[in-house]
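S.K.: Provide a 3D model corresponding to the input given below.
(one chain, ligands or ions: 1)
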Amino acid sequence: MSSPRRLRILLVEDDAIFAAVTAEVMRERALVRWTPTAEAALAAAGEKEWDLIITDIELPGMSGLELVMKIKASQPHVATLILTGHRSFDNAVEAIRVGADDFLTKPVDRATLIEKIDELAALSARRRASSSATILAVGAHPDDIEVGCGGTLLSHIAQNHSVSALVITGGEVGGVPADHAREAARAAELMGVRLFHINVGDANVGELDATTNEIRRVVEELTPDTLYTHSIHDFNQDHRSVHEASVAAAPSVPRVFCYQSASSTVEFQPSRFVAVDEYMDRKLAVVRAYTSNVRQRRYLDADLLRATSRYWSRYGQTRFVEPFEVVRETPAIVSPEWSDDEAEITGPTSSPTSNGVAWDQRAPIESPVND
Ligand SMILES: [Zn+2]
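M.R.: Sure, this is the predicted structure:
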């Protein structure tokens, strides 16, 4: 009988001694690669399918929190564990807020660390197993989706997820429907998403049964695992109706999130923040597809969209963020099927020591900040 596959862990820690001690603790279970900076870790993160990324919170240059946020945006499956130097409630809250899966306070107890890495590696495996990654975004009007979660959808597309947008009305009120439909189609094309434009008519959005049935039809066709929709905390009645209809139509969708609209109220209280730094410019380019009635649609202003996204970055660590309320986030079904073992991790500049612990010494140990 073959022994279980060893876990692949990326350890980001600027304190070389602590890194060595921590790697030693994990050695029996895992192939550990150590890197002293978040920048190096970000490069390493894309090289392999890691089971777990463990990072110190305080690092030279990019912080551990910022690192976690960037990793979550590009590789949402991999579990992340943040190590904090001192017991601080703020640090713990920050860690969870940026999407870290767990955190530990230094000095780290041996048994606790082992327990955590097993737990978190299993979490990564469950996420991978369930990553059919079909995404559906629902919006009452053309432009709602792009404004609310355009960057996030672009990030899904960059991960090869299948992304669809469902627009409920043509936006007849205050505009020419044909124009709006054309613009919605153009925006969807620019983003690379499949567009369902139902057009129940602005006057009928409030008829919840009709709207719910339309959304349900698309949900049944696509069986998305993530759904984005309006928040209930919105001045706009259509947005609230679409929120209610979406939630009613998608009881089987494991993850349901609500994006912010121009008409969201101050009650909009997001707890999920997606880093969209890389997608902000493209989001704005997509929004520019909406050229009719721009004077009435001042919320399409690029400065405003940028500023809004920048504002929410106070809860994250990156420059631009899209905020989401969480309606539902059901853990995936367990199916921890390990792939075959692989060779020990070595990189071009890594010098593997015994038992698969690889030290990434791109930066000097005692002075990890380059230059
Ligand atoms: Zn709208």
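S.K.: Mind jotting down where the strands sit in the stretch 201-350 of the chain?
M.R.: Counting by DSSP state E, counting those that start in this stretch, the stretch 201-350 of the chain forms strands over residues 226-230, 255-259, 272-275, 321-329, 350-352, given from the N-terminal end onward.
S.K.: Turn the ones you listed into TSV, columns for mean neighbour count.
M.R.: All C-beta spots, glycine's among them, are computed from the backbone N, C-alpha and C. Rendered in TSV, the data for these read as follows (neighbours: other Cβ atoms under 10 Å):
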stretch	mean neighbour count
strand 226-230	27
strand 255-259	25
strand 272-275	24
strand 321-329	21
strand 350-352	15
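S.K.: any chance of these in CSV, plus distance to the ion?
M.R.: Output for those, formatted as CSV (distance: least, Cβ to the ion, whole Å):
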stretch, distance to the ion
strand 226-230, 8
strand 255-259, 11
strand 272-275, 20
strand 321-329, 16
strand 350-352, 51
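S.K.: Pipe those into TSV and attach mean pLDDT per row.
M.R.: As requested, these are exported to TSV (pLDDT from 0 to 100):
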stretch	mean pLDDT
strand 226-230	97
strand 255-259	96
strand 272-275	91
strand 321-329	94
strand 350-352	35
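S.K.: Is it possible to get CSV of those strands that adds distance to Pro107?
M.R.: Supplementary listing: those in CSV, determined by distance: least, Cβ to Cβ, whole Å:
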stretch, distance to Pro107
strand 226-230, 38
strand 255-259, 36
strand 272-275, 30
strand 321-329, 32
strand 350-352, 26
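S.K.: With Arg217 as the reference, measure out to Asp234.
M.R.: Counting by Cβ to Cβ, to the nearest Å, the gap between Asp234 and Arg217 amounts to 24 Å.
S.K.: which one of those two has more residues nearby?
M.R.: Between Asp234 and Arg217, Asp234 has the larger neighbour count (other Cβ atoms under 10 Å), namely 24 against 14.
S.K.: Just the pLDDT for that one.
M.R.: As summarised for this prediction, Asp234 has a pLDDT of 97.
S.K.: Ala121 versus that one, what's the distance?
M.R.: 40 Å.
S.K.: just Lys283 next, same as before
M.R.: Following Cβ to Cβ, the distance that separates Lys283 from Ala121 is 34 Å.
S.K.: of the two, who's got more company?
M.R.: Residue environment comparison for Lys283 versus Ala121 gives the larger neighbour count to Lys283, 27 against 22, counting by other Cβ under 10 Å.
S.K.: Tell me the pLDDT of that one.
M.R.: If you check Lys283, the pLDDT there is 96.
S.K.: Pull the number of nearby residues for Tyr27.
M.R.: Residue 27: Arg, not Tyr. If we define neighbours as other Cβ under 10 Å, then Arg27 has 16 of them.
S.K.: so the residue in the stretch 1-150 of the chain that the ion sits nearest to, which of the three states?
M.R.: Going by Cβ to the ion, the ion is nearest to His141 of the stretch 1-150 of the chain, at 3.6 Å. Remark: His141 carries the secondary structure label coil [criterion: DSSP: H, G, I helix; E, B strand; the rest coil].
S.K.: okay, and for the stretch 51-200 of the chain, where does confidence drop off?
M.R.: Segments of the stretch 51-200 of the chain classed as low confidence (criterion: pLDDT under 70) are 87-89, 129-132, 171-177.
S.K.: ok, 80 please
M.R.: In the prediction, the stretch 51-200 of the chain carries residues with pLDDT under 80 at positions 74, 85-97, 127-132, 159-160, 170-178, 199-200.
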